[in-house]
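[1] sequence unknown, structure follows:
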C-alpha cells in the first residue's frame, strides 16, 4: 500500500456544548495543522499516488473555506460540537467529494482511502480515515 | 475510523540483558515521549472519541507511576528487558485497564482500540497497538 | 550564557482591527504553543538556571489565565490587537513579574533575561525577549 | 502488534517526466528523511521487535547506496520517475531483502511487515508498506 | 526585541568543489526548509513586527526563484559553493532588498534585523543573520 | 554572523541532590537530543562555517563518551548535579577543546562561538553558549 500526505492548517474560533468539555465550553479557538493522506494499492502511470501539487491546492481550498471564522456561526455546523475528530471527518469527506468530482486529477480515480489528522497542539491530535 | 491522541513523557533509568543490546547493557536511561491513541468507529453523543482532558490525565497518572525511577529495581519488571516496544505495551495495557474500569468516562466504553508509541530519540521510536 | 526553556500552550479566540490583517479581521482563533526561556550568566548553587518544574508550573498558571477565552472580551486587551508578537510580550512580562515576586524560587533572582516564543502554526511563530 | 522505527536520510538530485510534475520536470533535488518501521506480532526472546542498532546500520547502508547522487544517472532507475512514494518502496524492498538474507539478525525472521515513510519537506511526505 | 518568523522551502540540485565536501562533491540535491525571521525593537501602529501574510508571500517569491533547479547552472552562483550557510545569506539579503524596496509594506521600515535558517535534514541546519 | 548546527543524542542515567529536584532526586534517566551550533563572522575559502561532516563526527565522539552510562558513577562528575544546562556546557567546552586542537579542521580556527542545546523532552530543553 502506498500513501502521500500533504499538510496545511486552519485557524478557527468555536465553543463546545456539554460538561465533558470543561473550560472549552467557552468561546475559544485553535490552530489545526491538517495532514491529508491519500492511499493507493499501485502507483499510476506517472509512478505516483496522486498529483501532490494538486492535492496540496485542493486541501488548501478546503482549509480556506474553514479558516478565519467562528465555526459556531457557520450554517454547516449549527448545533454541532466541532471537535477535532469531527473536523477531521469534515475535511476527509470534502476531499473524497473532490476526488469523486475529478478535482484531484483523472489518476486519482485509483485512490482507495483518505486519512486526515488534525493537530490541535504539541500534545494532542485527532484523526479520521475512510475508504474511497 | 476515528482516533484521538494525547502526549506525555517519562524519564527512567534501566539496563538490558543480552549481547544484542551492546553498550545499552550498562545502566543508562531514556526520556520516552509517549503518544497514546484511542480509536473508535463512531463518535459518541458529545461528538468525540474520548474526553481528551481525562485521557491526558489518565495517561499522566500512568506516566507518573513509571517515571523518575530505575526500572531495574521495579518489582513489575524483575528480570525483564524493559525495551521501548515492551514499555509501549505496558502503557497500552494499563490504559486498557483504565478504560475497562470506567476511568476514562462512561463514553469510553465505545472505544475499539488503543495504540501507544514511545519516542526514545529523534531517530528511534517503537509502538504497540491492541484491540479493546 | 545558560538558558532553560519550558513549553506549554494556549487556545484562544480573537479578531484583529486593521486592513493589514486581511481575513484575520474576522473572529477566528489560534493555538499558541508557548516556549518560555530563562537566561543566566552562571548556574546557581544547585547547578541550574531555574527550578524547571516550578518554571513549568508558573508558565502553566499564566497560560491558564489566557486560555479558553475570547481575548476580544478581556479587559486587559480592550482595543488592542492581540498579535502573536504582542502576546509573547504579555507572557514574558508576566513571567518577569513572577520572578520579581519570588514565585520562581529564591535562586531565580540571578536570572538576567526572559524570551518567549509563540508558535501559531507549523509555518509561523513570533517572539519577544527582554532583560530582567 | 509491535513496531520499531529508525530514521535516517538521503540527499539526491533527480528530475521527473510528465506534465503532472510541473516545475519538478527540471533537474532539482531533495532531502528525504527516511523512517523505516519493522512490525511483529510477538516480541522475541530478548523482548524486542528487532535489533534497533542493527536496523539503523542496515538502513544507513541502504541510504548510503542512494545518497549524494543524481538518480537520473543510476542504472537502477533508468526511465523511471523516482517519486517519493516509489523511493519508499525501493527502500522497503531493499530492507525486506536484508531481512531475508539474515542481515537484521536471526531474530528478524519473526518480522511480519515493513513500512517506509520519506519526508520530502515540512509539508509533504509519502510512504509504502508491505508484508514480509 | 520582537521577532516574527515565517517558514517555506526550496528543493534544489547542486554539487560542491573541494575535498572537504567528500561525497557531496558529486551532483546531489537537498530540500531546504527556510525560516525567515524579522526583528524589531518596538511594534508598529498595528501592534505587529511585520505583515506576516506579506512576509510569507515575499519569502515564497524568493523561494520560487531558487527552487526546482540545478544551482550549478544558475548564473548567480557560477563557481560558487552553494553551501547551506551561503544560501541562508542569499535569502536574507534578498529579503533585505525587498524590505528596502517597500515590498514588505511601509511599516517594515522599522525592522532592525533579519535572520534566515535553512534546515537541510533532521540533523543539520545553518543560518545567517544581519542588520537592516 | 553565520552558523551551522549538527544534531546527535545521548542516553544516560543520573540522580540529583537537592530538594529543588523533587522526584528527580531518585536515580532516573534521560535522552538528551544534542544540538551543537558553530558560529563565524565570515565564511572560509570553501564558503562554509565548518566542515559539517567533521563537526558531526566530533560531536558524535563526544556523545559516545557520555552515553550509555550512569553519570553518577563518572569520575568527571563526582558530587556534581549533571543538570541539562550543566551538560550543555560540558559538551560545548569539549567541542571548544577539539576546535583548539585542530580536530574540526584547519578552517575551524575562524570560529567565534559555540552554542549547545540539550532537549530533554518535548516540553523542556536547556542550553549554553560561549565564545571561542
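    Here it is on my side, so go on. Bear in mind the structure is a predicted one, so any value in this text is a computation, not a measurement.
[2] for chain A, what spans make up the helices?
    A:52-64, A:84-100 (DSSP state H).
[3] Residue A:14 touches residue A:25, doesn't it?
    No. Residue A:14 lies out of contact with residue A:25 (CB atoms under 8 Å); the separation is 10.7 Å. Using the backbone N, CA and C atoms, a C-beta is placed for each residue, glycine as well.
[4] Compare those two and say which is more crowded by neighbours.
    More neighbours surround residue A:14 than the other of residue A:14 and residue A:25, with 24 against 15 (other CB atoms under 10 Å in any protein chain shown).
[5] Contact partners for the more buried one?
    The contact partners of residue A:14, taken as CB atoms under 8 Å, 6 or more residues apart in numbering or on different chains, are A:27, A:28, A:29, A:30, A:70, A:71, A:72, A:82, C:13, C:29.
[6] quick one: the closest residue to the last one other than its chain neighbours from residue A:79, how far?
    Computed as CB to CB, 6 or more residues apart in numbering or on different chains, the closest residue to residue C:29 that is not its neighbour in sequence is residue A:29, at 1.2 Å. Taking CB to CB, to the nearest Å as the measure, residue A:29 and residue A:79 are separated by 19 Å.
[7] thinking again about what came up before, what bridges to the residue nearest to residue C:29?
    Taking DSSP bridges, one obtains residue A:13 as the residues bridged to residue A:29.
[8] for residue A:16, phi and psi?
    For residue A:16, the backbone dihedrals (degrees, to the nearest 10) come out as phi -120, psi 160.
[9] so it touches residue A:29, yeah?
    No. Look at residue A:16 against residue A:29 with CB under 8 Å: they stay out of range, at 12.0 Å.
[10] which bits of chain A sit near chain B?
    A:16, A:18, A:20-22, A:80-86, A:88-89, A:122-130 (CB under 8 Å from any CB of the partner chain).
[11] which residues touch the spatially closest residue to residue A:93 that is not a sequence neighbour?
    Excluding its sequence neighbours, the residue lying closest to residue A:93 (CB to CB, 6+ apart) is residue A:130, at 7.5 Å. Residues near residue A:130 by CB under 8 Å, 6+ apart: A:89, A:92, A:93, A:96, A:113, A:114, A:115, B:1.
[12] Quick one, which of those are buried?
    A:89, A:92, A:96, A:113, A:114, A:115 (16 or more other CB atoms under 10 Å in any protein chain shown).
[13] would you list the contacts of residue A:14 in TSV and tack on distance to residue F:59 and pLDDT?
    As requested, those are exported to TSV (distance: CB to CB, whole Å; pLDDT from 0 to 100):
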residue	distance to residue F:59	pLDDT
A:27	48	98
A:28	42	98
A:29	41	98
A:30	38	98
A:70	48	98
A:71	47	98
A:72	51	98
A:82	46	98
C:13	44	98
C:29	41	98
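[14] got JSON lines for those residues, with distance to residue B:100 and neighbour count too?
    Formatted as JSON lines, the contacts of residue A:14 follow (distance: CB to CB, whole Å; neighbours: other CB atoms under 10 Å in any protein chain shown):
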{"residue": "A:27", "distance to residue B:100": "36", "neighbour count": "20"}
{"residue": "A:28", "distance to residue B:100": "32", "neighbour count": "24"}
{"residue": "A:29", "distance to residue B:100": "35", "neighbour count": "27"}
{"residue": "A:30", "distance to residue B:100": "31", "neighbour count": "26"}
{"residue": "A:70", "distance to residue B:100": "39", "neighbour count": "20"}
{"residue": "A:71", "distance to residue B:100": "34", "neighbour count": "22"}
{"residue": "A:72", "distance to residue B:100": "36", "neighbour count": "19"}
{"residue": "A:82", "distance to residue B:100": "30", "neighbour count": "19"}
{"residue": "C:13", "distance to residue B:100": "37", "neighbour count": "26"}
{"residue": "C:29", "distance to residue B:100": "36", "neighbour count": "27"}
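[15] Surely residue A:36 touches residue A:91?
    Yes. Using CB under 8 Å, residue A:36 is in contact with residue A:91, at 6.8 Å.
[16] what touches both of these two?
    The overlap between the contact sets of residue A:36 and residue A:91 (CB under 8 Å, 6+ apart) consists of A:59, A:116.
[17] Find the closest residue to chain F in chain A.
    When scored by CB to the nearest CB, chain A has residue A:122 as its residue closest to chain F, at 6.3 Å.
[18] Let me see the contact set for that residue.
    By CB under 8 Å, 6+ apart, the contact set of residue A:122 is B:7, C:7, C:9, C:33, F:122, F:123.
[19] What parts of chain A come near chain D?
    Counting by CB under 8 Å from any CB, the residues of chain A near chain D are A:1-8, A:43, A:46-49, A:51-53, A:56, A:105, A:107.
[20] if we go to 6 Å?
    A:1-7, A:46-49, A:51-53 (CB under 6 Å from any CB of the partner chain).
[21] Top of these by number of neighbours, please.
    residue A:49 (32 neighbours).
[22] what about that one, distance to residue A:6?
    Residue A:49 is 11 Å from residue A:6, where distance means CB to CB.
[23] same thing with residue A:68?
    Counting by CB to CB - residue A:68 and residue A:6 are separated by 20 Å.
[24] Tell me the residue of chain A that sits nearest chain C?
    residue A:29 (1.2 Å).
[25] Relative to chain E, how far out is the residue nearest the centre of chain A?
    Nearest to the mean C-alpha position of chain A, counting by CA atoms, centre = their mean, stands residue A:91 at 3.0 Å. Per CB to the nearest CB, to the nearest Å, residue A:91 is found 22 Å from chain E.
[26] I appreciate the help and will end here.
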